[in-house]
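Chemist: coords below, sequence missing:
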């Protein structure tokens with residue numbers, strides 16, 4: 001009898017572990033806008049040093065001071081929940097109500113602005129590094145939306161060189177990353193099995209390059225000098241608009257209509273840039289800044305406007321769809337951000353409700369399977385494009401029960417070499 005009981009328990013444990021689902025980000029509903037991670041009063045890519053503080057902020061356009069709760073889940077390299085108890089990665093409690101919220105002030109679009117600080121009085125500390133999923137829940141403990149974030153330790157260095165592609169056919173269009181992993185603290189055990197990397201371009205989780213083993217080792221240094229495995233399509237500089245003064249047609253806004261309940265900002269029609277020469281324009285690599293030029297507290301005094309996008313792309317492959325992306329919408333491919341083709345005008349159009357300030361955006365082509373087509377992108381690929389690149393290093397020793405993030409390296413393609 002005891003042996004049978006043991007076998008049943010073991011089977012259930014194995015079955016439960018095998019059935020663990022990958023934690024994918026859940027896009028927020030229409031009333032939730034401007035979801036962003038903040039650190040040092042700046043909107044940032046959510047990759048933080050272990051032990052540092054940060055905030056998640058968002059607006060609820062219903063403006064009814066609804067109750068929202070949060071849950072924090074530690075995940076492995078592949079974003080499956082880790083097999084460790086919550087009290088091992090979290091000091092304190094989650095599943096608590098977000099208590100920091102304020103209603104908008106002097107805006108045409110009402111909203112309630114929420115801010116969740118980590119750590120806080122309930123969640124005193126996140127103890128370990130790794131991948132995390134932050135869930136925002138409603139009163140019925142149903143998931144409203146989720147966001148990924150990553151905590152890393154400073155135990156390795158990751159020198160990176162951004163180079164032009166080694167393949168002749170892509171030398172004008174791609175960036176190749178050469179990097180190494182060095183540590184004076186960790187003596188790597190079986191790095192081909194225990195060490196993994198994740199490579200990000202401009203902080204986009206939806207285009208991460210993973211599962212690239214070290215090409216070779218020199219002592220305790222791990223070397224990555226691949227010809228194609230660590231390449232990214234270079235893309236083009238982000239487009240932008242600025243409406244810090246929401247009543248005025250400013251940068252890349254052709255006109256403002258104030259005759260409706262909230263402001264309407266009509267952008268100049270963009271031309272698909274794939275067949276145009278590269279033009280150097282300053283951007284903030286997809287980021288955005290909420291700002292009301294005439295207020296002291298933009299978090300609750302910045303207004304929302306309907307922003308009308310239009311794109312002329314006569315040679316575009318109509319088998320694909322076109323979406324508007326940026327950090328302002330977490331690079332989401334939700335139907336809300338899909339452009340519609342206007343056959344009378346011969347252009348693609350879309351209106352999005354966006355909080356005023358300075359906003360980077362891009363047009364992306366998406367195939368029928370829902371995959372982004374970076375090769376046949378709307379605005380082309382140019383090796384001169386300025387991009388930020390990050391390499392995250394994951395390590396799990398033979399006796400460890402979770403994937404640690406033991407270091408992070410950064411590089412920018414402004415320093416590209418041949």
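Modeler: Structure received. The model shown is predicted, which means the values in this text are computed figures rather than measured ones. Residues are numbered from 1 along each chain as shown.
Chemist: Can you check the pLDDT for residue 23?
Modeler: Confidence per residue is given as pLDDT, and for residue 23 that number is 89.
Chemist: how close does it sit to residue 217?
Modeler: The span separating residue 23 from residue 217 equals 32 Å under the rule Cβ to Cβ, to the nearest Å. Bear in mind the C-beta positions are built from the backbone N, C-alpha and C, glycine included.
Chemist: ditto for residue 66
Modeler: Taken as Cβ to Cβ, the spacing of residue 66 relative to residue 217 amounts to 53 Å.
Chemist: The chain: helices as residue ranges?
Modeler: With DSSP state H, the ranges of helices along the chain come out as 2-18, 86-89, 191-194, 298-301.
Chemist: Flag every buried residue along the second one.
Modeler: Okay, so that is helix 86-89. In terms of neighbour count (16 or more other Cβ atoms under 10 Å), helix 86-89 has its buried residues at residue 89.
Chemist: Contacts made by that helix with the rest, please.
Modeler: 74, 82, 94, 126-128, 130, 402 (Cβ atoms under 8 Å, 6 or more residues apart in numbering).
Chemist: For those, which two are the farthest from each other?
Modeler: With distances taken as Cβ to Cβ, the most widely separated pair in these is 94 and 402, at 17.3 Å.
Chemist: follow-up on the earlier one: which among the contacts of helix 86-89 end up buried?
Modeler: Under a neighbour-count criterion of 16+ other Cβ under 10 Å, the subset of the contacts of helix 86-89 counted as buried comprises 74, 82, 94, 126, 128, 130, 402.
Chemist: surely the last one meets residue 81?
Modeler: No - using Cβ atoms under 8 Å, residue 402 and residue 81 do not qualify as a contacting pair, with a distance of 10.2 Å.
Chemist: Which neighbours do the two have in common?
Modeler: Overlap between the neighbourhoods of residue 402 and residue 81 consists of residue 74, taking contacts as Cβ under 8 Å, 6+ apart.
Chemist: Tell me where the stretch 1-150 of the chain has strands.
Modeler: In the stretch 1-150 of the chain, the segments counted as strands under DSSP state E, counting those that start in this stretch are 32-39, 42-44, 47-49, 54-60, 69-75, 90-92, 96-97, 101-103, 112-118, 123-126, 130-137, 143-152.
Chemist: what's next to the fourth one, contact-wise?
Modeler: Right, the one you point to is strand 54-60. Counting by Cβ under 8 Å, 6+ apart, strand 54-60 makes contact with 28, 31-39, 44, 46, 48, 66, 68, 70, 104, 111-118, 134, 136, 147, 149, 299, 355, all of which sit outside it.
Chemist: Between the contacts of helix 86-89, which sits nearest residue 281?
Modeler: Nearest to residue 281 among these, counting by Cβ to Cβ, is residue 130 at 36.8 Å.
Chemist: Could you tell me what pLDDT the model assigned to the closest one?
Modeler: Predicted confidence (pLDDT) at residue 130: the value is 98.
Chemist: correct me, but it touches residue 402?
Modeler: Yes - proximity of residue 130 to residue 402 meets the contact threshold set by Cβ under 8 Å, at 6.0 Å.
Chemist: Need the residues touching each of these two.
Modeler: 74, 76, 82, 89.
Chemist: Can you tell me who the nearest residue in space to the last one that is not next to it in sequence pairs with across the strands?
Modeler: Distance criterion Cβ to Cβ, 6 or more residues apart in numbering; nearest residue to residue 89, sequence neighbours excluded, is residue 74 at 4.4 Å. In this structure, residue 74 has beta-bridge partners residue 132, where bridges are defined by DSSP bridges.
Chemist: Report the separation between residue 74 and residue 301.
Modeler: Distance of residue 74 to residue 301, given as Cβ to Cβ: 36 Å.
Chemist: can you list the domain ranges for the protein.
Modeler: According to automatic domain parsing, the chain comprises the domains 22-152, 160-234+385-415, 239-366.
Chemist: Just put the ones you listed in JSON lines and tack on distance to residue 377.
Modeler: Supplementary listing: these in JSON lines, determined by distance: least, Cβ to Cβ, whole Å:
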{"stretch": "domain 22-152", "distance to residue 377": "21"}
{"stretch": "domain 160-234+385-415", "distance to residue 377": "7"}
{"stretch": "domain 239-366", "distance to residue 377": "6"}
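Chemist: for these, which one sits closest to residue 378?
Modeler: With Cβ to Cβ as the measure, domain 239-366 is the member of those nearest residue 378 (4.2 Å).
Chemist: Can you give me the end-to-end span of that closest one?
Modeler: In domain 239-366, first residue to last residue: 18 Å (Cα to Cα, to the nearest Å).
Chemist: Sketch out the low-pLDDT regions of the stretch 201-350 of the chain for me.
Modeler: When residues are selected by pLDDT under 70, none of them lie in the stretch 201-350 of the chain.
Chemist: Which residue ranges of it form strands?
Modeler: In the stretch 201-350 of the chain, the strands defined using DSSP E, counting those that start in this stretch lie at 209-210, 216-218, 221-224, 231-233, 239-242, 253-257, 263-267, 270-271, 288-290, 304-312, 321-325, 340-342, 347-355.
Chemist: Make TSV from the ones you listed and add mean neighbour count and distance to residue 373 to it.
Modeler: As requested, these are exported to TSV (neighbours: other Cβ atoms under 10 Å; distance: least, Cβ to Cβ, whole Å):
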stretch	mean neighbour count	distance to residue 373
strand 209-210	14	17
strand 216-218	11	33
strand 221-224	19	26
strand 231-233	22	10
strand 239-242	20	18
strand 253-257	14	29
strand 263-267	20	23
strand 270-271	17	18
strand 288-290	20	24
strand 304-312	20	15
strand 321-325	22	10
strand 340-342	12	17
strand 347-355	19	15
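Chemist: Among those strands, which comes closest to residue 366?
Modeler: Comparing those against residue 366 with Cβ to Cβ, the closest turns out to be strand 321-325 (4.8 Å).
Chemist: Now residue 119. Nearest residue, chain neighbours left out?
Modeler: Beyond its immediate neighbours in the sequence, the residue positioned closest to residue 119 (Cβ to Cβ, 6+ apart) is residue 125, lying 5.5 Å away.
Chemist: Just list whatever residues bridge to the one you found.
Modeler: On DSSP bridges, the residues paired with residue 125 through beta bridges are residue 91.
Chemist: Give the burial count for it, as a bare number.
Modeler: When neighbours are defined as other Cβ atoms under 10 Å, residue 125 has 13 of them.
Chemist: How much space separates it from residue 48?
Modeler: Shown here: residue 125 relative to residue 48, a distance of 13 Å by Cβ to Cβ.
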